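> The sequence and its predicted three-dimensional model are supplied below.
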Amino acid sequence: MIPYFVFILSALCLLEVNCKNALLIIDVQDCFLKGGNLAVTGGNDIIPVINRIRNDYKNSLDLVVFSQDWHCSDHVSFASQHIGYQPYQTINLTYNSQGELCYGEAVGSEFAYAVNCSTVSTHVLQTLWPDHCIKNVSQGPTSSKLDPGLVREDGDVIIYKGQKCGIDAYSAFYDNAKITQTQLNSVLRDNEITKVFITGMASDFCVYYTALDAKSLGYETFVVKDAVRGVANESIVAAAHDMTTKGINLILSTDLKESLSTSSGNIIGPTCIYMYLISTYIYT
């Protein structure tokens, strides 16, 4: 008589783990494109690549998500808000456990959204940027509008980030202090997404931090190299190396067909073969 565990394992052998795929399009906005205050070199070149991915793999993409930088006009990350500082300099920011910006060396009473903190729970080294991606601005160098050349469809999701005036958000999942989340993880979970394919800008900032968080949250994570652009060569190389060492897949758009699988195969394939051989040997 064949033991029950053999029947159970045989049934498991027939099961496949279904994979659902999401395309994440990070910050392809006017402010980061040609003519924008924080234009990324070659940023416009990725738009046709992203559109081609959407068109060629439409049936394999279960969800498409756009992230959109969405800052107030006096955002703490803007160099214009810090007297004596220039873009690309850094400052130290501190936050309490509720995620509120604390008064400090670089944050005085002119910041209406800062507070006196009895206890500091988080320190963040903040790069100061030119004014960019200001919410509800739809033209000019600070426009936050998604590029109109992007293919858009009903069912696409937009995730806003950097909305709080007192804290920046590179990742599409969290703010830079990892105190508050966006809706992205919830949206992906609700749609049973298991794989994310990341495109957009910048590969050494928002794409990079989004990829790290996606991986840490348990998603199989891919960055499409010819569908991203970065700010500076040194940090682009460093980010790519770090992503690779942390198990994030760096692929080309030509590799997508293989990576966009709809299942991960049998759960216990090698075990199935082993059990088949054992049961055949013992019970025949």
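Sure, I can see it. Residues are numbered from 1 along each chain as shown.

> Which parts of the stretch 101-250 of the chain are strands?
Shown for the stretch 101-250 of the chain, the strands assigned by DSSP state E, counting those that start in this stretch span residues 122-127, 157-161, 195-201, 220-229, 249-251.

> residues in contact with the spatially most central residue of the chain?
The C-alpha lying nearest the average C-alpha coordinate of the chain belongs to T210 (C-alpha atoms, centre = their mean; 2.7 Å). Shown here is T210, whose contacts under the criterion C-beta atoms under 8 Å, 6 or more residues apart in numbering are L24, I26, S67, Y170, S171, A172, F173, I198. To be clear about C-beta, it is placed using only N, CA and C from the backbone, and glycine gets the same treatment.

> Need the winner for burial among the strands of the stretch 101-250 of the chain.
Here the criterion is mean neighbour count by mean count of other C-beta atoms under 10 Å, and of the strands of the stretch 101-250 of the chain the winner is strand 195-201, at a mean of 26.

> Contacts for that strand, please.
Outside strand 195-201, the residues within contact range by C-beta under 8 Å, 6+ apart are 19-28, 32, 40, 43, 46, 49-50, 53, 67, 188, 206-207, 210-211, 214, 219-224, 227-230, 256, 259-260.

> That strand: partners in the sheet, and parallel or antiparallel?
Each strand pairing with strand 195-201, determined using DSSP bridges, is listed with its direction: strand 21-26 (parallel), strand 220-229 (parallel).

> Mean pLDDT and distance to S73 added to these, as CSV?
Putting those into CSV (pLDDT from 0 to 100; distance: least, C-beta to C-beta, whole Å) gives the following:
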stretch, mean pLDDT, distance to S73
strand 21-26, 99, 22
strand 220-229, 98, 26
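
> Please save the CA atoms from stretch 57-67 in PDB.
Output of stretch 57-67 as PDB, limited to C-alpha atoms (Å, rounded to 0.1, in the frame of the first residue of the first chain):
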ATOM      1  CA  TYR A  57       4.100  42.500 -23.600                       C
ATOM      2  CA  LYS A  58       0.600  43.900 -23.000                       C
ATOM      3  CA  ASN A  59      -0.800  40.400 -22.400                       C
ATOM      4  CA  SER A  60       1.900  39.600 -19.800                       C
ATOM      5  CA  LEU A  61       1.600  42.700 -17.700                       C
ATOM      6  CA  ASP A  62      -1.100  42.400 -15.100                       C
ATOM      7  CA  LEU A  63      -0.600  45.900 -13.700                       C
ATOM      8  CA  VAL A  64       1.100  49.200 -14.800                       C
ATOM      9  CA  VAL A  65       2.000  51.700 -12.100                       C
ATOM     10  CA  PHE A  66       3.300  55.200 -12.600                       C
ATOM     11  CA  SER A  67       5.000  57.000  -9.700                       C
END
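
> average pLDDT across that stretch?
Per-residue confidence for stretch 57-67 averages out to 97 on the pLDDT scale.

> again, but for stretch 155-169
Predicted confidence along stretch 155-169 averages 97 (mean pLDDT).

> What's the separation between the nearest residue to A227 once chain neighbours are set aside and V64?
In space, A227 comes closest to T199 once its chain neighbours are excluded; the distance is 3.7 Å by C-beta to C-beta, 6 or more residues apart in numbering. When C-beta to C-beta, to the nearest Å is the yardstick, T199 and V64 sit 10 Å from each other.
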